[in-house]
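> Sequence and predicted model, in that order:
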Amino acid sequence: MKKTTQKLLGILCILTSFTAVSQVTANQPQDLFMCDINNPGDGVEIFDLTTTIPEIIGDQTNVTVTFHLTSGGALGNDNGFPNPESYENVVNPQLVFVRVQGNGDSQITTFTIEVRLPFEPDTTTPEPLVIFDPEGDGFQVFDLTAIIPQFTNDAFPLDITYHESLEDAQSNVNPIADPENYTNVVPVMQTVYVRFQNAPQEECVTIATFEIIADPELSVQEELLSSVKIYPNPASSVITVENIDLEATITIYDTLGRTVLSFINDNPISYAMDIRSLPKGLYFMEVDTKKPVTFIKN
């Protein structure tokens, strides 16, 4: 009897599971700012870089965010900061390179954030803001904002307010409403308090002071007016002085009392001075006698 051999063919089904990897979305976070509180002026503080992570990835999961000192480190995933929650900056300001990568995904995103400590304004008492007081009553209109370059040239945004008392400046109340057109309330000389607040950190506050002076002594006495003549006034390019001593020194000051031009008279009749280099404004001219003559550059 013929045997029949039956062969059973087993079919092995190999099921491979494919999981779709969604693309990671990375958002550019805001830069980090801190007040220079510890050892003020050194430009070094401890930053918590991890506070930017919710801004970067939102509610995405399975995403890794690392922080690096260089662009190469971020691209190669090398030398990530071991403790980004307590990172001490090495320069001020400093760029930090951020690497964002989905777990199990080869796609990466890199970008930078800036960590910065605003420079504190120089609170050294500046030169007073002096205005000629022709009426002699001790009151004049001042542009208080003209003093700011003596305090700071930092490009970091500053909220600046002006106050009539230290208490108001400290409490940030009763700011002077129109600092560009302020009439002093104390005759002749008054202290103004300036509050510098480094936005957006409300606790970064510096208070400084300066003096404003309405000086009647800058007026020209009658006897000087009858002898020394200046013209034209206002002037735009050349101003001429008559009836001054030969070799007399002529000094021109701005309203902050700073010397901006100086000449020595070499003409016994009249002396013409080129003032084209001066910005438009009010200036004081002193001719040896220490009695300034006022003129306007237009």
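All right, it came through fine. Residues are numbered from 1 along each chain as shown.
> where do the helices sit along the chain?
Counting by DSSP state H, the chain has these helices, from start to end: 53-57, 71-76, 166-171, 222-227.
> what's the first one packed up against?
Contacts defined by 3 or more C-beta pairs under 8 Å, 6 or more residues apart in numbering; DSSP states H and E place helix 53-57 against strand 63-68, strand 94-102. Heads up, the C-betas are built off the backbone N, CA and C, glycines and all.
> State the distance from residue 169 to residue 125.
15 Å (C-beta to C-beta, to the nearest Å).
> Out of these two, name the residue with the larger neighbour count.
Neighbours per residue, other C-beta atoms under 10 Å: of residue 169 and residue 125, the larger number sits with residue 169, 23 against 12.
> Which residues are in contact with that one?
161, 163, 193-195, 207 (C-beta atoms under 8 Å, 6 or more residues apart in numbering).
> swap in residue 127?
Contacts of residue 127 (C-beta under 8 Å, 6+ apart): 150, 256-258.
> thought residue 211 was touching residue 144?
No - Residue 211 is not in contact with residue 144 according to C-beta atoms under 8 Å; the separation is 11.4 Å.
> For these two, list the residues in contact with both.
The overlap between the contact sets of residue 211 and residue 144 (C-beta under 8 Å, 6+ apart) consists of 129, 192.
> who has more neighbours, those two?
When residue 211 and residue 144 are compared for neighbours, residue 144 comes out ahead with 19 against 15, by other C-beta under 10 Å.
> OK, contacts around that one?
Listed by C-beta under 8 Å, 6+ apart, the contact partners of residue 144 are 129, 162, 176, 179-180, 182, 192, 194, 212.
> for residue 25, same thing?
Contact analysis of residue 25 by C-beta under 8 Å, 6+ apart lists 57-58, 60.
> Give me the buried entries from those residues.
Among the contacts of residue 25, the ones that count as buried by 16 or more other C-beta atoms under 10 Å are residue 57.
> and of the contacts of residue 25, the nearest to residue 101?
Proximity of the contacts of residue 25 to residue 101 (C-beta to C-beta) peaks at residue 57, which lies at 10.6 Å.
> So that closest one versus residue 50, what's the distance?
Counting by C-beta to C-beta - residue 57 and residue 50 are separated by 12 Å.
> and what of residue 63?
In this view, residue 63 and residue 50 are 13 Å apart by C-beta to C-beta.
> Neighbour count for those two, which is higher?
Set side by side, residue 63 and residue 50 show unequal neighbour counts under other C-beta under 10 Å, the larger going to residue 63 at 18 against 15.
> Quick check, the more buried one in contact with residue 53.
No - between residue 63 and residue 53 there is no contact under C-beta under 8 Å: 9.0 Å.
> For the stretch 151-298 of the chain, which segments count as strands?
Counting by DSSP state E, counting those that start in this stretch, the stretch 151-298 of the chain has strands at residues 158-163, 182-183, 189-198, 205-215, 229-231, 238-242, 249-253, 259-264, 270-274, 281-287, 293-297.
> In JSON lines, list those strands along with distance to residue 103 and mean pLDDT.
Formatted as JSON lines, the strands of the stretch 151-298 of the chain follow (distance: least, C-beta to C-beta, whole Å; pLDDT from 0 to 100):
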{"stretch": "strand 158-163", "distance to residue 103": "43", "mean pLDDT": "90"}
{"stretch": "strand 182-183", "distance to residue 103": "60", "mean pLDDT": "98"}
{"stretch": "strand 189-198", "distance to residue 103": "38", "mean pLDDT": "91"}
{"stretch": "strand 205-215", "distance to residue 103": "44", "mean pLDDT": "89"}
{"stretch": "strand 229-231", "distance to residue 103": "79", "mean pLDDT": "84"}
{"stretch": "strand 238-242", "distance to residue 103": "75", "mean pLDDT": "89"}
{"stretch": "strand 249-253", "distance to residue 103": "69", "mean pLDDT": "88"}
{"stretch": "strand 259-264", "distance to residue 103": "65", "mean pLDDT": "90"}
{"stretch": "strand 270-274", "distance to residue 103": "72", "mean pLDDT": "90"}
{"stretch": "strand 281-287", "distance to residue 103": "64", "mean pLDDT": "79"}
{"stretch": "strand 293-297", "distance to residue 103": "68", "mean pLDDT": "55"}
